[in-house]
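Engineer: Have a look; sequence and predicted model below, questions after that.
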Amino acid sequence: MTAAAPLALHGAAARAREGFPLVRSEDEWRRLLSPAQYDVLRRKGTERAFTSPLLNEHRKGIFACAGCDLGLFDAGTKFESGTGWPSFWQPLPEAVGTETDNSYFMIRTEVHCSRCGGHLGHVFDDGPPPTGLRYCMNGVAMTFHPA
């Protein structure tokens, strides 16, 4: 993927140009998602730390994209990072993509759903073994399917 587009281009039209398999209009996304989900998934917003019910989800199962229900993370890869957002050390195969995020005067790696392009959060290199990665996800961008 290329570097993040300016904020004005973060809608469905921008995602469609990037070639994601699932494309919906802005009106469709607004009908399907809650305002908080729309802000995070389609506008690259961030939920407040420690507000997601998924932060305390510890059952076996799969965390999926709230926009298209693609499985993203197995609950067995979730760990307590202390950051206030659900954190994982590894996504499911081919579930997520990444791109450079230059917002807020820093360079980070954005994580998005590989099916619908919805913004999920960021990945950092301060996670636990075996990967050393911390996928810091917005809980509002995901749903949970217990095993």
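Structural biologist: Perfect, thanks for sending it. Numbers count the residues shown, from 1 in each chain.
Engineer: check contacts around Ala95.
Structural biologist: Going by CB atoms under 8 Å, 6 or more residues apart in numbering, Ala95 touches 70-73, 113-114. No exception for glycine: its C-beta is placed from N, CA and C like everyone else's.
Engineer: So it versus Thr51, what's the distance?
Structural biologist: Ala95 sits 24 Å away from Thr51, going by CB to CB, to the nearest Å.
Engineer: swap in Phe73?
Structural biologist: Where Thr51 is concerned, Phe73 sits at a distance of 19 Å (CB to CB).
Engineer: can you check Met106 too?
Structural biologist: Relative to Thr51, Met106 is positioned 22 Å away (CB to CB).
Engineer: who's more crowded, these two?
Structural biologist: The residue with more neighbours, out of Met106 and Thr51, is Thr51; 13 against 7, by other CB atoms under 10 Å.
Engineer: Which residues are in contact with that one?
Structural biologist: 84, 139.
Engineer: Please name the residues that touch the residue positioned nearest the centre of the chain.
Structural biologist: The chain has Leu120 as the residue nearest its centroid, 1.2 Å off, counting by CA atoms, centre = their mean. By CB under 8 Å, 6+ apart, the residues touching Leu120 are 41, 65, 72, 96, 111-113, 135, 137-138, 141-142.
Engineer: for it, phi and psi?
Structural biologist: Main-chain torsions, Leu120, degrees, to the nearest 10: phi -110, psi -40.
Engineer: when you give positions from now on, start the count at 58
Structural biologist: Okay, using 58 as the starting number, the last item reads as Leu177.
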